[in-house]
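Colleague: Fold the following, please.
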Amino acid sequence: MKFIELFAGIGGFRLGLEKAGHECVWANEFLEKPRSIYEHNFKHKPDGRDIRTIQPDEIPDADLLCGGFPCATFSVAGRRTGFGTEDTRGTLFFEICRILSSKRIPYVFLENVKGLLNHDGGRTFGVILASLDELGYNIQWECLNSKNFGVPQNRERVFIVGNLRGKPRPKVFPIGRCFGKDDQQSEQAQGEGERVRTSYLPTLDGHYYKGGGTRAVIDEGVSSDGHVRATHWRRTHFRDVKGDYTPTLTANMGTGGNNVPYIVKAVLTPDRTEKRQNGRRIKEHNEPSFTVTAQDRHGVLVGTTLRKLTPLECERLQSIPDNWTKWYADGSLVGDAQRYERCGRAVTVNVIYEIAKRLPL
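Modeller: Here you go, the predicted model:
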C-alpha cells in the first residue's frame, strides 16, 4: 500500500511499513530536529508545516494513513489533559479525522500510550473510537508490549487499525507476542540444558535525555555448566558514569577470577547512593525494571557499576538501525541529549513491522 505518515518523528512507522513492502508517498513532521534526521536517512524531506494549516488536497492520495499522534496529554508521565483546551496536543487527533474525512483513505494505523485506555475513565478512548466509527471505519486495537517483539524493553503501547467499511478487513489482532522468551527458548541459546534469563529495560521516553540516573540491560544465556553467555548485548561495552569502560561481555564469561558474571538489577535514584530505601528501591535480577516517568530517575546496577545507556543501545532497544539518530541532513552530528530524546519518542520498529505484515499490500 501507499501510505502517508503524520507526526513522523525520525520515521519509525516508515521503517516498519517499508520493511513489510509498503511505500511512503508523503510525510509530515513539524519539529525541525527530527525532521532533519528523517531527511538524512530517507533522503526525503518531510513537509514541515503545522498539520493544522495543511489542506487535505495538498496531501497525495494514499491507501493508508499512519502515525503516533502526540501522547504527552494521555501518558501517565504527562499531565493527562487529554482533549482539554489548555494543551492542544491532544486535539491533534482530530486533524487525523479531518484528513480521513476529506480524503477517504481506506486504512488507518495509529499508535499511542497505554494510558490512553483509562484516561478520563475510558471516555477519551471512547471518543477516539466513536470518531473513527462515525467516519465509516471498522476498528480493531490491541495493547502490545515491545518486550514480546525481540527487544528487551518493557514498553506498552496501544495500536489501532481501521478500515473503511466496504474495504477488506485485515486480520491484524490479536497478535499477543512475537519472539517472547516466555513462550520459547531464545534463538541465541544453544546447547542442551541451556536456559535464558532476561532483564528488561524500563520504557524509553522523551525525558531520558534530561539526565539524572542511569539505565541499561543485559540479555544473557546461562549454560548447563553455569557459565554466563551474553546473547543480545555481546558486543556492547558497559560504560560507568565517569565514562570509563568495563569489559565487553564475551562468550566465555563464567564464574571465578576474571570470569565473574555480571548481575543486573534495576535501581531507582542511582545518583543518590546514600538514599535510604523507602519501599523497594532495588529490584531482583531478571525482574522488569521500574517504569520510567518524567519525575523518577532510573538506573541499573551491573555488578558494582552504575552506567548509562549509549545512544546506540537506545536505538537497538527500539529496533532502529544503528546510528540512525547520529546525523542531521547537513551532515552535522546530533548531540547525545537529542539522540536520547528522539529514541524515547519513537515507536518500536519491530512492533510496527509485525502489524504491517498483516495489512494488505
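Colleague: Count the neighbours of residue 33 for me.
Modeller: 17 (other C-beta atoms under 10 Å). Yep, even glycine has a C-beta here, placed from its N, CA and C like the rest.
Colleague: Can you tell me the element it falls in?
Modeller: helix 32-42 (DSSP states H and E).
Colleague: pretty sure residue 66 contacts residue 17?
Modeller: Yes: in this structure, residue 66 is within contact of residue 17 by C-beta atoms under 8 Å, at 6.7 Å.
Colleague: what residues do those two have in common as contacts?
Modeller: Common neighbours of residue 66 and residue 17, using C-beta atoms under 8 Å, 6 or more residues apart in numbering, are residue 3.
Colleague: Among the two, which residue is more densely surrounded?
Modeller: residue 66 (32 against 26).
Colleague: you'd agree the more buried one is in a helix?
Modeller: No: using DSSP: H, G, I helix; E, B strand; the rest coil, the assignment for residue 66 is strand, not a helix.
Colleague: tell me the contacts of the closest residue in space to it that isn't next to it in sequence?
Modeller: Setting aside the residues directly before and after it, residue 66 is nearest to residue 109 in space (C-beta to C-beta, 6 or more residues apart in numbering), at 4.2 Å. Going by C-beta under 8 Å, 6+ apart, residue 109 touches 3, 13, 64-67, 159-162, 355-356, 359.
Colleague: Just among those, which is most surrounded?
Modeller: Going by other C-beta under 10 Å, residue 66 tops the contacts of residue 109 with 32 neighbours.
Colleague: Now do the SS call for residue 157.
Modeller: Counting by three-state DSSP, the backbone at residue 157 sits in strand.
Colleague: Begin at 48, not 1, for the rest of this chat.
Modeller: Sounds good: first residue 48 from here, last item residue 204.
Colleague: For it, which residues count as its bridge partners?
Modeller: On the basis of DSSP bridges, residue 204 is bridged to residue 160, residue 191.
Colleague: Isn't it up against residue 190?
Modeller: Yes: judged on C-beta under 8 Å, residue 204 makes contact with residue 190 at a distance of 7.1 Å.
Colleague: returning to what we had before: can you tell me which of the contacts of residue 156 is nearest residue 169?
Modeller: Nearest to residue 169 out of the contacts of residue 156 is residue 207 (C-beta to C-beta; 14.6 Å).
Colleague: Can I take it that that closest one is in a helix?
Modeller: No: the assignment for residue 207 (three-state DSSP) gives strand, which keeps it out of a helix.
Colleague: just to revisit the earlier point, compare residue 204 and residue 190 and say which is more crowded by neighbours.
Modeller: residue 204 (20 against 13).
Colleague: Now do the helices in this structure.
Modeller: For the chain, the helices defined by DSSP state H occupy 59-66, 79-89, 140-150, 170-181, 358-364, 383-391, 396-403.
Colleague: Common neighbours of residue 204 and residue 190, please.
Modeller: The contact lists of residue 204 and residue 190 share residue 161, where a contact means C-beta under 8 Å, 6+ apart.
Colleague: ranges for the strands of the stretch 98-247 of the chain?
Modeller: 111-114, 154-160, 184-192, 203-211, 242-245 (DSSP state E, counting those that start in this stretch).
Colleague: The fourth one - contacts with which helices or strands?
Modeller: Spelled out, that is strand 203-211. In terms of contacts (3 or more C-beta pairs under 8 Å, 6 or more residues apart in numbering; DSSP states H and E), strand 203-211 is packed against strand 154-160, helix 170-181, strand 184-192, helix 396-403.
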